[in-house]
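# When you get a sec, could you give me coordinates for this:
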Amino acid sequence: MKARLGRFVPATALLAVLTCPPALPAVAKKTTETRTYKRFLATAYCRKGITKSGKHTRRGIVAADPRVLPLGSLIRVYNAPGYSGEYEVLDTGAKVKGRHIDIYMPRRREALEFGRHHVIVEVLRYGGRFEFAGAHEERSVSS
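Below you'll find the predicted structure:
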């Protein structure tokens with residue numbers, strides 16, 4: 001008589017599977033020792049120029065509501081197809097309010113194809129006091 005695999009599962013193995021945490025947080029907000037996970041709406045923008053922080057737009061920058069994610073914050077984005085990864089919050093936007101991030105993409109087509117996604121954002125570092133580029137540079141005046 002041949003033994004069949006998968007016929008029954010011991011209760012301890014089943015309990016371990018049921019209590020094992022998921023790869024990403026399943027709740028809207030979860031705080032660990034130093035990390036915070038939140039659900040956000042992600043969109044994309046492609047307008048080149050100078051960000052609110054005074055830096056040029058480039059890959060790896062997001063715009064966010066400064067009341068939620070202050071300028072200078074470092075975040076990790078999950079569940080953004082093709083765009084999951086670490087980003088710096090260096091910009092704001094008139095339509096970016098609350099739990100909404102706007103990911104910079106260099107091409108309009110990329111931004112349109114990205115559309116809107118519900119993502120999970122892990123806050124790696126809050127920005128807090130952010131100094132704008134050039135705020136403390138001394139300028140020499142020639143006479």
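# Break down this protein into its strands, ranges please.
Per DSSP state E, the chain carries strands over the ranges 29-31, 36-45, 61-64, 74-78, 85-91, 100-104, 117-125.
# Quick check: which of those strands is buried the most?
Highest mean neighbour count among these (mean count of other Cβ atoms under 10 Å): strand 61-64, with a mean of 25. For glycine as for every other residue, the C-beta is placed from the backbone atoms N, C-alpha and C.
# Now for the chain, the helix or strand with the poorest mean pLDDT.
For the chain, the helix or strand with the lowest mean confidence is helix 11-19, at a mean of 40 (criterion: mean pLDDT, DSSP states H and E).
# What residues sit buried inside stretch 46-65?
Residues of stretch 46-65 classed as buried by neighbour count (16 or more other Cβ atoms under 10 Å): 46, 51, 53, 57, 61-65.
# per-residue confidence at residue 22?
With respect to pLDDT, residue 22 has a value of 39.
# Please report how far residue 66 lies from residue 101.
Look at residue 66 and residue 101: by Cβ to Cβ, to the nearest Å, they are 12 Å apart.
# ok, now residue 74?
For residue 74, the distance to residue 101 (Cβ to Cβ) stands at 13 Å.
# Could you tell me which residues touch both of those two?
Common contact partners of residue 74 and residue 101 (Cβ atoms under 8 Å, 6 or more residues apart in numbering): 87, 89.
# ok, residue 100 - contacts?
40-43, 64-65.
# swap the cut-off to 7 Å and go again
Taking Cβ atoms under 7 Å, 6 or more residues apart in numbering, we find residue 100 in contact with 40-41, 65.
# Could you list which residues are in contact with the nearest residue to residue 122 once chain neighbours are set aside?
Sequence neighbours aside, residue 76 is the residue nearest to residue 122 in space, at 4.3 Å (criterion: Cβ to Cβ, 6 or more residues apart in numbering). When contacts are counted by Cβ under 7 Å, 6+ apart, residue 76 touches 85-86, 122, 124.
# how does it look with 6 Å?
By Cβ atoms under 6 Å, 6 or more residues apart in numbering, residue 76 lies in contact with 86, 122, 124.
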